[in-house]
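J.: just to be clear, the model below is a prediction. Sequence and coordinates:
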Amino acid sequence: MTRIHINASTPYDVVIEAGSLQRIADYIKPLKQNCSVIIVSDSNVAPHYLNLVKTNMINAGYSVCDYVFTAGESSKNAHQLIDLVEYMAAQSLTRKDLLIALGGGVVGDMAGFAAATYLRGIDYVQVPTSLLAAVDSSVGGKTAVNLEAGKNLWGAFKQPILVLCDPSTLNTLPDMEWKNGCGEIIKYGFLDVPGLLTQLEHKPLIKHRDSVSAVIARCVQAKADIVEQDERESGVRALLNLGHTFGHGIEKASHFEVHHGYAVAIGMVLMAQGAVKHGELAAEALDKLKVLIEAHDLPTTTTITKEEILAAAKHDKKSEGSTIKIVVPISYGHSELKVVTHEELATYLD
């Protein structure tokens, strides 16, 4: 078992342990007792794990209800969110009750936002069942849904009281979801976690899945170090958006047919290519990045147009008037924040 403490405004632990899902109540009881529980999941995850978690919680003495929605990024919208909180109200859940987000990033983002806003906030536990959620979205307290204008534009910061990651749940993931998570994992390698890059170069995770627990722990620790410095993304936490400025545009323009980790991988390459043109990054570093991404069966190019990507960037959360904060790789394994105008941003895609 690996336990990583997050010293945020609401301190909590990230527990990484195979088989922990079968004993989820043992981890929750020290934190929350004598309450009702709602388990939020989606149509992909629920058939695998909902009954296991629900039975374990009921046997431990909790009153449990569940809410399952159609899997996919297209469900992460305001209408689905309202339906969820209306269901929570219909179940007469109170401020002392608990929400369990059982699933990948979409489940965690939307369920977390429901927990942040229902009755002005109730406790919740993140139980990531996808690689991407395990290494990134379940940690740090960002919650949101998408709007027509763009991704994650309506949300809140709400830290969970626990993140329980059972790596054995990844065994039921399709290959696409493993690759999806690898996009975010490679991103961490460019945020001063050089040992991670070395590991991924010699043993690409997509082909060496037995090392996944150690990789998850390394990524979570890297994110914890950043979140503890800047919980609400007023500074250094923005580094975690490497590849996301262009990546979110690719997702939106593709109507989310390009999955998040794939879009982040492409976004990193596009930004790195721009950095080479601007003399900020050596061409050799760009080549190494491409090789690493391709070794994880991820794309490095897109058919989405420059105009579509830049249009989405205007709605990016890091955009402030005529300027936008971007993350630029300046060496292999190191990136820095930079504020540019939207006109200057366009030159990174020329």
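T.: Good, I have the coordinates. Numbers count the residues shown, from 1 in each chain.
J.: please count neighbours and contacts with C-alpha atoms only from this point.
T.: Noted.
J.: buried sites along the helix or strand hosting Glu184?
T.: Glu184 belongs to helix 175-189 when assigned by DSSP states H and E. The neighbour-count check on helix 175-189 (16 or more other Cα atoms under 10 Å) flags 177-189 as buried.
J.: ok, now stretch 36-51?
T.: Under the neighbour-count criterion of 16+ other Cα under 10 Å, stretch 36-51 has 36-42, 44-46, 49-50 buried.
J.: tell me the gap between that stretch and the middle of its chain.
T.: The chain centre lies 19 Å from the centre of stretch 36-51; the measure is Cα atoms, centre = their mean, to the nearest Å.
J.: identify the farthest-apart pair in the buried residues of stretch 36-51.
T.: Ser36 and Asn44 (24.3 Å; Cα to Cα).
J.: before we move on, the earlier item: restricted to strands, list the buried residues of stretch 36-51.
T.: Members of those lying in strands (criterion: DSSP state E): 36-42.
J.: around Met57, how many other residues sit close by?
T.: Met57 has 23 neighbours, counted by other Cα atoms under 10 Å.
J.: which SSE is it in?
T.: helix 46-59.
J.: contacts for that helix, please.
T.: For helix 46-59, contacts defined as Cα atoms under 8 Å, 6 or more residues apart in numbering pick out 21-25, 39, 41, 63-64, 68, 102.
J.: tilt between it and strand 36-42?
T.: Interaxial angle, helix 46-59 versus strand 36-42 (axes from the mean of the first three to the mean of the last three Cα atoms, to 10 degrees): 170 degrees.
J.: quick check: next helix or strand after helix 46-59?
T.: Trace forward from helix 46-59 with DSSP H and E and the next one is strand 63-69.
J.: buried residues in that next one, which are they?
T.: Buried-residue list, strand 63-69, by 16+ other Cα under 10 Å: 64-69.
J.: I'd like these as CSV, with pLDDT appended.
T.: Formatted as CSV, the buried residues of strand 63-69 follow (pLDDT from 0 to 100):
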residue, pLDDT
Val64, 98
Cys65, 98
Asp66, 98
Tyr67, 98
Val68, 98
Phe69, 98
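J.: can you name the two of those residues that are farthest apart?
T.: Farthest-apart pair in the buried residues of strand 63-69 is Val64 and Phe69; separation 17.0 Å (Cα to Cα).
J.: any idea how far the host helix or strand of Ile330 is from the middle of the chain?
T.: Following DSSP H and E, one finds Ile330 within strand 323-331. From the chain centre to the centre of strand 323-331 is a distance of 20 Å (Cα atoms, centre = their mean).
J.: Ala156 and Gly140 touch, don't they?
T.: No - contact criterion Cα atoms under 8 Å: Ala156 and Gly140 do not qualify, at 11.4 Å.
J.: three-state assignment of Thr143?
T.: Applying DSSP: H, G, I helix; E, B strand; the rest coil to Thr143 yields a three-state assignment of strand.
J.: okay, now it: neighbour count?
T.: By the measure other Cα under 10 Å, the count of residues near Thr143 is 27.
J.: paired strands for the helix or strand harbouring Ser335, with orientation please.
T.: Using DSSP H and E, Ser335 sits in strand 334-341. In the sheet, strand 334-341 lines up against strand 323-331 (antiparallel) (DSSP bridges).
J.: which residues touch the partner strand?
T.: By Cα under 8 Å, 6+ apart, strand 323-331 touches 190, 238-239, 241-243, 245, 271-272, 275, 280-282, 285, 318-319, 335-342.
J.: just the buried ones from these, in ChimeraX syntax?
T.: The ChimeraX command for the buried members of these (criterion: 16+ other Cα under 10 Å) is given here:
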select :190,238,239,241,242,243,245,271,272,275,281,282,285,318,319,335,336,337,342
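J.: residues of stretch 140-148 that come out buried?
T.: Of all the residues in stretch 140-148, those buried under the rule 16+ other Cα under 10 Å are 140-146.
J.: can you list those in CSV and add pLDDT?
T.: Shown next, in CSV, are the buried residues of stretch 140-148 (pLDDT from 0 to 100):
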residue, pLDDT
Gly140, 95
Gly141, 96
Lys142, 96
Thr143, 97
Ala144, 97
Val145, 97
Asn146, 94
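J.: columns distance to Leu84 on top of these, output as a markdown table?
T.: Output for those, formatted as a markdown table (distance: Cα to Cα, whole Å):
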| residue | distance to Leu84 |
| --- | --- |
| Gly140 | 22 |
| Gly141 | 19 |
| Lys142 | 18 |
| Thr143 | 14 |
| Ala144 | 13 |
| Val145 | 12 |
| Asn146 | 15 |
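J.: nearest to Lys203 among those residues?
T.: In terms of Cα to Cα, no member of the buried residues of stretch 140-148 lies closer to Lys203 than Gly140, at 27.5 Å.
J.: my read is that closest one is in a strand, agree?
T.: No - with three-state DSSP as the criterion, Gly140 is coil rather than part of a strand.
J.: need phi/psi at it.
T.: The phi/psi pair for Gly140 (degrees, to the nearest 10) reads phi 110, psi -10.
J.: gap between it and Glu73?
T.: Applying Cα to Cα, to the nearest Å, the value for Gly140 to Glu73 is 20 Å.
J.: and the helices in the stretch 51-200 of the chain, which stretches?
T.: 78-90, 105-117, 131-132, 175-189, 194-202 (DSSP state H, counting those that start in this stretch).
J.: out of the ones you listed, deepest packed?
T.: Using mean count of other Cα atoms under 10 Å, the stretch among the helices of the stretch 51-200 of the chain with the largest mean neighbour count is helix 105-117, at a mean of 27.
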